[in-house]
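Asks: Take this sequence and fold it.
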Amino acid sequence: MGVDWGKVRIGVAACNAGTTLSYPVETVQAGAQELQRIAALAAEYEPGAIYVGLPLTLSGERQQAAKFVMDKAEALAALVSPLPVRLIDERMSTASASRSLSGAGHRAKQQRRMIDQAAAVEILQRAIEWEARTSSLAGEPVGEGEAS
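Replies: Next comes the predicted model:
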């Protein structure tokens, strides 16, 4: 399962076991019930791992946005344990999702409703491709590599 965590909306994507294609699932509204909703989606879709996009700067640094996502990912990991929750570099995922939506004929106003799910698809797709190449989980486990 892929998650693009924003302060207003959270995009969620999934893929079927044994496949290499991810698809959009839902946009969760950020707020008091966000963690419970994502945990419920994880229970429904039964993923092998949850990949949360980590918003690094273009130079690869972790700043305020990354800290926000890391805190959310840790809280999610506590809810869904022992399911692995992993952080994956999401640089350019929203830009790539926007290009894909534009290429599919969606205007900017239409994209706002779909962009978070499309970014989650991009995040999950990166993880799937990594796993196919390396036979190991992509990203880093939540709680590791927190040096700024």
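Asks: Go through stretch 46-56 and flag the buried ones.
Replies: P47, A49, I50, Y51, V52, G53, L54, P55, L56 (16 or more other CB atoms under 10 Å). In this view, the C-beta of every residue, glycine as well, is placed from N, C-alpha and C.
Asks: Any stretches of this protein with poor pLDDT?
Replies: 92-113, 144-148 (pLDDT under 70).
Asks: mind listing the strands for it?
Replies: Listed in chain order, the strands of the chain (DSSP state E) span 2-5, 9-15, 22-29, 50-54, 85-89, 140-141.
Asks: Could you point out which of the ones you listed sits nearest A40?
Replies: Closest to A40 of these is strand 22-29 (CB to CB; 9.7 Å).
Asks: Show me what that closest one packs onto, helices and strands only.
Replies: Helices and strands touching strand 22-29, as assessed by 3 or more CB pairs under 8 Å, 6 or more residues apart in numbering; DSSP states H and E, comprise strand 9-15, helix 34-45, helix 108-134.
Asks: Out of the ones you listed, which one sits most buried?
Replies: Highest mean neighbour count among the helices and strands packed on strand 22-29 (mean count of other CB atoms under 10 Å): strand 9-15, with a mean of 23.
Asks: show me what contacts A17?
Replies: For A17, the contact set (CB atoms under 8 Å, 6 or more residues apart in numbering) comprises G48.
Asks: what do you get if the cut-off is 10 Å, keeping everything else the same?
Replies: Y45, E46, P47, G48 (CB atoms under 10 Å, 6 or more residues apart in numbering).
Asks: Just send the strands of the chain back as a markdown table, with distance to L124 too.
Replies: As requested, those are exported to a markdown table (distance: least, CB to CB, whole Å):
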| stretch | distance to L124 |
| --- | --- |
| strand 2-5 | 3 |
| strand 9-15 | 5 |
| strand 22-29 | 4 |
| strand 50-54 | 6 |
| strand 85-89 | 9 |
| strand 140-141 | 16 |
